[in-house]
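Participant: structure for the following, please:
(one chain, ligands or ions: 1)
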Amino acid sequence: MSSGPLLVYFDVDDTLLTWNKRLRPFAREVIASVASAGAEVYLWSGAGVRWEVAYTYDLREFIVDCYEKPLSRHRERLAELGIPHAPDHVVDDDGDIVRAFGGTQVTVPLEPIEDDRALLQVLDDLHTRFGLVLPRPTGWSPPPPSGLHEK
Ligand SMILES: [Mg+2]
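Facilitator: I've put the predicted structure just below:
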């Protein structure tokens, strides 16, 4: 980890966006929370530089930069792709890149998407790994119970 701000890289497809290009629940809230804690937030994607995602989903104010993500030999290819520093924490549905840098592996978003809470794990992981104190998104509530436990 560098001595500067914490560098947090989010994958786009199947991490922040669903298969049909909807923003995953809590994507904006979690990114806003990470940025507000003083970390630098980046987007990267194996499909290229995705600034359109930052603008389309109203994330621009929280994003420092966007890069193309190396799909293999992750660390070795950073310089080749113009990425000036290694991430401290990556958020991705792909396990290989999470193992390469450390981070949070999220499940691919599944229906019913409104019950999806996967991105909230990022807040817990950044707290555990780096001691970052992150505000919980307002409006957060636990997912509905899968079974009935009423008395
Ligand atoms: Mg992905």
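
Participant: where does the closest residue to residue 106 other than its chain neighbours land on pLDDT?
Facilitator: Closest residue in space to residue 106, ignoring its immediate chain neighbours: residue 118 at 4.4 Å, by CB to CB, 6 or more residues apart in numbering. In this view, the C-beta of every residue, glycine as well, is placed from N, C-alpha and C. With respect to pLDDT, residue 118 scores 96.

Participant: count the neighbours of residue 118 for me.
Facilitator: Residues lying near residue 118 (other CB atoms under 10 Å) number 21.

Participant: buried sites along stretch 71-82?
Facilitator: Neighbour counts using 16 or more other CB atoms under 10 Å place 74, 78 of stretch 71-82 among the buried residues.

Participant: residue numbering should commence at 39 henceforth.
Facilitator: Sounds good: first residue 39 from here, last item stretch 109-120.

Participant: ok, the residue nearest to residue 144 - contacts?
Facilitator: 62, 144-145, 147 (CB atoms under 8 Å, 6 or more residues apart in numbering).

Participant: what do you get if the cut-off is 10 Å, keeping everything else the same?
Facilitator: 53, 62-65, 68, 129, 131, 142-148 (CB atoms under 10 Å, 6 or more residues apart in numbering).

Participant: just those residues that are near the ion?
Facilitator: On the criterion CB under 5 Å from the ion, residue 131 are the entries of the contacts of residue 156 that sit beside the ion.

Participant: now, of the contacts of residue 156, which are buried?
Facilitator: 53, 62-65, 68, 129, 131, 142-144, 147.

Participant: of the residues you listed, which belong to helices?
Facilitator: In helices, defined here by DSSP state H, the members of the buried ones among the contacts of residue 156 are 65, 68.

Participant: among the buried ones among the contacts of residue 156, which pair sits farthest apart?
Facilitator: Largest separation among the buried ones among the contacts of residue 156 by CB to CB: 63 and 143, giving 17.4 Å.

Participant: and the helix or strand that contains residue 93, what does it pack against?
Facilitator: Using DSSP states H and E, residue 93 sits in helix 89-94. Using 3 or more CB pairs under 10 Å, 6 or more residues apart in numbering; DSSP states H and E, the elements in contact with helix 89-94 are strand 78-83, strand 101-106.

Participant: what's the most buried one of these?
Facilitator: A comparison of those by mean neighbour count, using mean count of other CB atoms under 10 Å, puts strand 78-83 on top with a mean of 22.
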